[in-house]
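Colleague: have a look at this prediction, sequence included:
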Protein chains: 2
Amino acid sequence: MGNRITELFGIRYPIVQAGMIWCSGWRLAAAAAEAGCLGIIGAGSMYPDVLREHLKKVKAATDKPVGVNLPLLYPAIEEHVQSILEFGIKVVFSSAGNPKTWTETLKKEGITVVHVVPSAKFAVKAAAAGVDAVVCEGFEAGGHNGKDETTTLVLTPMVRDAVDIPVIAAGGIGSGRAMLATMALGADGVQVGSRFAASVESSAHEAFKQAIVDTPEGGTMLSMKSVVPVRLVRNAFQQRIAEAEARGASREELAEILGRARAKRGMFEGDLAEGELEIGQISGAIHSVQTVAEIVEEMVREYEEARKGLHAL
Amino acid sequence: MGNRITELFGIRYPIVQAGMIWCSGWRLAAAAAEAGCLGIIGAGSMYPDVLREHLKKVKAATDKPVGVNLPLLYPAIEEHVQSILEFGIKVVFSSAGNPKTWTETLKKEGITVVHVVPSAKFAVKAAAAGVDAVVCEGFEAGGHNGKDETTTLVLTPMVRDAVDIPVIAAGGIGSGRAMLATMALGADGVQVGSRFAASVESSAHEAFKQAIVDTPEGGTMLSMKSVVPVRLVRNAFQQRIAEAEARGASREELAEILGRARAKRGMFEGDLAEGELEIGQISGAIHSVQTVAEIVEEMVREYEEARKGLHAL
C-alpha cells in the first residue's frame, strides 16, 4: 500500500537508506534502491571527482530512484550540486546547514528536497524554506546529533504535529518493530542508518562492520558535546575525548585531540581503537552483517508480524 | 482485551501511573486506579508515618489495585515494607537498588514485585531475582536515569528479547500514540510519569504543574551525570550544575551546589528557579493540566485511532 513517502520518491517501501559518510557509496545506494527503498549516496566524505564516479556507477547499476545526501556546510558544494544536476539525480537530502540556502535552486531544477532536523522548531523552518519532507533524527542516532538530545520517541510526534509535509523518522530504527513504532507516532516513513552501515554492500571497512555487530548495549555515547555532538562507539579515542571533556578541556584542546581524518581512519580504514566510529545506539541490537535485500525483507516481515500483534485495548 | 499486564495487576488498561516523589500521593494513585490503570504511591519522598497516612487514605478512596514504589536504597525501608504488608498492598515496584534484597521476602507475602531497569542486562538480573515483571525506562524519562543513556525506542525491544516476563515500557510516553509505539516494540504495558505529574490529582505544587505545561521542546536535560544522572527542567539551579560540570567540578563541589531537599523545594514547594524539577522530555508535548480520567480517556482514544491508522506495507 502506498503512502506519502512511497509516492514522493516513487519507491515500494517507505524506507530510506541513510546517507552516511564512508558507508553509503554507489554499491549500497543501488542495493537499497533495488530492494524497494530510497538509496542515498553520502556525499559528505567525497571529493567532487569521487562523487561523480559514484553517480556514474550508481546510474549504471540501477534505474530505480537514488538520492544524494548533501551536508550544506560542505566546502565544494557548488561542484556537488553541478554533478547532481548533470547525472539527473532527482532527490537531495540536505543536512548540517540552513535549508534556505539551496532549496529554491534545487527545486527549480525539479529536484525533491528533504532536510534533516533535530527538533520541531527546525522542522517548521525547513517547511517554510520549501522542502518537500523532513527527516527528524533523534538522540539515539549515530553520527552528528542535535544539542537538545530529544529522542526519536519524543521528537517524531512533535514534528508530526508541527508540520504538514511528510515526516521521516530516524534514529534507533533497525527493525520492522521500530519502523512500525515510529509510524504509530505519526511518521510517514523511516530512515535507517546503522543497520545498512553494517550491510554487505556498505563501503565501510570490514573491521568497522564487525565492530557494529560486536557493539554491546550501551556501547555508544554522544560525545564532543561542547564542540559538535556526535555519537561514537566507546573506544580508546572516544574515551580520551570523554576524559578531556570531564575535566573541562577547551574546544581548542578537544580539536587537537580530534585531529584530522579520524572518521575515515575508523570507518574506512578500520582503525577500531583510534578512529572515530560513528554509529547509532541500535548497534547493540545488530547481530550480523547481512545483504541489503535480507535486511529489507526481514524488516518488512517484522513490521507485518508486529502490526498483526497489536490489539484493541 | 486483556493482556499479560492487565491480568497481572487485575486492571482494565495496561497503563501504570508511575510512582514519583512529591507527585504521586494517595489522591493521584486512587484516581489512576479508578480510571482503570495501576495507581502507584511514590514512597521515596515519604517518612514512614507519611506513607502510612497515604496508605490509609488510598484504601478509603478506592478498592481497585494500588501499588507502592519503593526505592531500595531508602533508609527506613523495613518500616515501609511493614506498612505495605499491614495495609494489604499487593503490588510493589522496586527501583534504585538490587532486586535480590527484597524480592523473595515480598513474594512470600503474596506481593507482585516489579523492578525498574535501565538496560537489558539489569532486566535479566531482575528476572533471575524472581520479579514478576520489569519496567524498562529510557533516557527520555524524568528523574533518575541510567548511565548508558539508552532510549526507550532502543531499550524496549532489547529488554523484550532478553526476558520472558512481562515488560512495561517507560520514558517518553504521554500519549496513546507513544503507548501504541512501545507496544509495537514488544512492551506488554506502559508506565506514564510526566503526564500524570501534571494532572489535577498530582500532589505537586501548582507552580510545578504549570512549569511542566510551559516546558518547551528541549527544555529538560540529563544532569549531574558524574554523581547520579537525573533529568531536570533547565532552570537557574540546573544551569549552575551544568556550568560546574562543564569546568570539571568535583563530586564534592557538585554535592555542595546540590545541597539538601532541592527536589522538595522545586516540586512540592514550587521554587521554579532554585528547586530540582524532575520531569521527562515529553513535558515539551504536555499542553494542559487535566484530570487523570481525562488523560486516560484521551490516551485510550488516541491509541485506537493510531492503531487503525497503521496499514500494511
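Modeller: That came through, no problem. Numbering: from 1, shown residues only, chains lettered A, B, ... in the order given.
Colleague: which residues touch the residue lying closest to A:Gln281 once chain neighbours are set aside?
Modeller: The spatially closest residue to A:Gln281, leaving aside those adjacent along the chain, is A:Glu140, at 4.1 Å (C-beta to C-beta, 6 or more residues apart in numbering or on different chains). For glycine as for every other residue, the C-beta is placed from the backbone atoms N, C-alpha and C. Each residue near A:Glu140 by C-beta atoms under 8 Å, 6 or more residues apart in numbering or on different chains is listed here: A:151-152, A:171-172, A:231, A:280-282, B:139, B:150-151, B:153-154.
Colleague: same question for A:Cys136.
Modeller: A:Cys136 makes contact with A:117-120, A:123, A:152, A:155-156, A:159, A:167-170, A:187, according to C-beta under 8 Å, 6+ apart.
Colleague: interface residues of the stretch 201-313 of chain A facing chain B?
Modeller: Neighbours of chain B within the stretch 201-313 of chain A, by C-beta under 8 Å from any C-beta of the partner chain: A:217-218, A:221-222, A:226, A:246-248, A:281-282, A:284-285, A:300, A:303-304, A:306-307, A:310-313.
Colleague: make it 6 Å
Modeller: By C-beta under 6 Å from any C-beta of the partner chain, the part of the stretch 201-313 of chain A that sits against chain B consists of A:217-218, A:247-248, A:281-282, A:285, A:300, A:303, A:306-307, A:310-313.
Colleague: which of these count as buried?
Modeller: Buried by 16 or more other C-beta atoms under 10 Å in any protein chain shown: A:217-218, A:281-282, A:285, A:300, A:303, A:306-307, A:313, out of those.
Colleague: so what's the residue count around the residue in the stretch 1-150 of chain A that chain B sits nearest to?
Modeller: Using C-beta to the nearest C-beta, the closest approach of the stretch 1-150 of chain A to chain B is made by A:Asp148 at 3.2 Å. Residues lying near A:Asp148 (other C-beta atoms under 10 Å in any protein chain shown) number 23.
Colleague: now the helices: where do they sit in the stretch 151-300 of chain A?
Modeller: Per DSSP state H, counting those that start in this stretch, the stretch 151-300 of chain A carries helices over the ranges A:152-162, A:176-184, A:194-197, A:206-214, A:236-246, A:251-258, A:262-263, A:292-308.
Colleague: before we move on, the earlier item: and chain B, which of the contacts of A:Cys136 contact it?
Modeller: Among the contacts of A:Cys136, the residues lying close to chain B (C-beta under 6 Å from any C-beta) are A:119-120, A:152.
Colleague: dump the contacts of A:Glu140 into a markdown table; add pLDDT as well.
Modeller: Formatted as a markdown table, the contacts of A:Glu140 follow (pLDDT from 0 to 100):
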| residue | pLDDT |
| --- | --- |
| A:Thr151 | 98 |
| A:Thr152 | 98 |
| A:Gly171 | 98 |
| A:Gly172 | 98 |
| A:Arg231 | 98 |
| A:Gly280 | 98 |
| A:Gln281 | 98 |
| A:Ile282 | 98 |
| B:Phe139 | 98 |
| B:Thr150 | 98 |
| B:Thr151 | 98 |
| B:Leu153 | 98 |
| B:Val154 | 98 |
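Colleague: mind putting these into a markdown table with distance to B:Arg4?
Modeller: A markdown table is the format used below for those (distance: C-beta to C-beta, whole Å):
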| residue | distance to B:Arg4 |
| --- | --- |
| A:Thr151 | 26 |
| A:Thr152 | 26 |
| A:Gly171 | 29 |
| A:Gly172 | 25 |
| A:Arg231 | 34 |
| A:Gly280 | 30 |
| A:Gln281 | 27 |
| A:Ile282 | 26 |
| B:Phe139 | 25 |
| B:Thr150 | 23 |
| B:Thr151 | 24 |
| B:Leu153 | 21 |
| B:Val154 | 22 |
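Colleague: how does chain A divide into domains?
Modeller: As assigned by automatic domain parsing, chain A contains the domains A:4-203+A:283-305, A:216-281.
Colleague: got any ranges where the stretch 1-150 of chain A has weak pLDDT?
Modeller: By pLDDT under 70, the weakly predicted segments of the stretch 1-150 of chain A are A:1.
Colleague: tell me the residues of it that contact chain B?
Modeller: Taking C-beta under 6 Å from any C-beta as the contact definition, the stretch 1-150 of chain A meets chain B at A:1, A:13, A:119-120, A:140, A:148, A:150.
Colleague: how about a cut-off of 10 Å?
Modeller: Selection of the stretch 1-150 of chain A residues close to chain B by C-beta under 10 Å from any C-beta of the partner chain yields A:1-3, A:6, A:12-15, A:36, A:118-121, A:138-141, A:146-150.
Colleague: what subset of those residues is buried?
Modeller: Neighbour-count burial (16+ other C-beta under 10 Å) applied to the residues of the stretch 1-150 of chain A next to chain B gives A:6, A:12-15, A:36, A:118-121, A:138-141, A:146, A:148-150.
Colleague: which ones among those map onto strands?
Modeller: A:Ile15 (DSSP state E).
Colleague: so who does the closest residue to A:Asp148 other than its chain neighbours touch?
Modeller: If the residues on either side of it in the chain are set aside, A:Asp148 comes closest to B:Gly218, at 3.2 Å by C-beta to C-beta, 6+ apart. Taking C-beta atoms under 10 Å, 6 or more residues apart in numbering or on different chains, we find B:Gly218 in contact with A:118-121, A:146-150, A:154-155, A:158, B:234, B:281, B:284.
Colleague: what about the nearest residue to A:Gly176 once chain neighbours are set aside, neighbour count?
Modeller: Spatial nearest neighbour of A:Gly176, chain neighbours left out: A:Glu302 (2.6 Å); criterion: C-beta to C-beta, 6+ apart. Burial measure for A:Glu302: 17 neighbouring residues, criterion other C-beta under 10 Å.
Colleague: does A:Glu302 touch A:Ala181 like I think?
Modeller: No: look at A:Glu302 against A:Ala181 with C-beta atoms under 10 Å: they stay out of range, at 11.0 Å.
Colleague: ok, the residues of the stretch 201-313 of chain A next to chain B vs A:Gly259, which is closest?
Modeller: Nearest to A:Gly259, judged by C-beta to C-beta, of these is A:Arg247 at 19.1 Å.
Colleague: residue contacts, the closest one?
Modeller: A:253, B:247-249.
Colleague: again, 8 Å this time
Modeller: If you count contacts by C-beta under 8 Å, 6+ apart, A:Arg247 has them with B:Gly248.
Colleague: report pLDDT for it.
Modeller: Looking at A:Arg247, its pLDDT is 91.
Colleague: okay, it and B:Ala249: tell me how far apart.
Modeller: A:Arg247 is 10 Å from B:Ala249, where distance means C-beta to C-beta, to the nearest Å.
Colleague: would you mark the buried spots in stretch A:122-136?
Modeller: A:122-123, A:125-127, A:129, A:131-136.
Colleague: just checking, A:Val135 touches A:Val114?
Modeller: Yes: under the criterion of C-beta atoms under 8 Å, A:Val135 makes contact with A:Val114 at 6.1 Å.
Colleague: what sits in contact with each of these two?
Modeller: The contact lists of A:Val135 and A:Val114 share A:93, A:168, where a contact means C-beta under 8 Å, 6+ apart.
Colleague: what about the closest residue to A:Ala255 other than its chain neighbours, neighbour count?
Modeller: Once flanking residues are discounted, A:Ala255 sits nearest to A:Val227: 6.7 Å by C-beta to C-beta, 6+ apart. Using other C-beta under 10 Å, A:Val227 has 14 other residues around it.
Colleague: how about A:Val227, phi and psi?
Modeller: Dihedral angles of A:Val227 (phi, psi; degrees, to the nearest 10) stand at phi -100, psi -80.
Colleague: and the gap between it and A:Glu269?
Modeller: For A:Val227, the distance to A:Glu269 (C-beta to C-beta) stands at 22 Å.
Colleague: same question, A:Val81
Modeller: Distance of A:Val81 to A:Glu269, computed by C-beta to C-beta: 29 Å.
Colleague: more neighbours, the two?
Modeller: The neighbour comparison of A:Val81 against A:Glu269 (other C-beta under 10 Å) goes to A:Val81, with 21 against 15.
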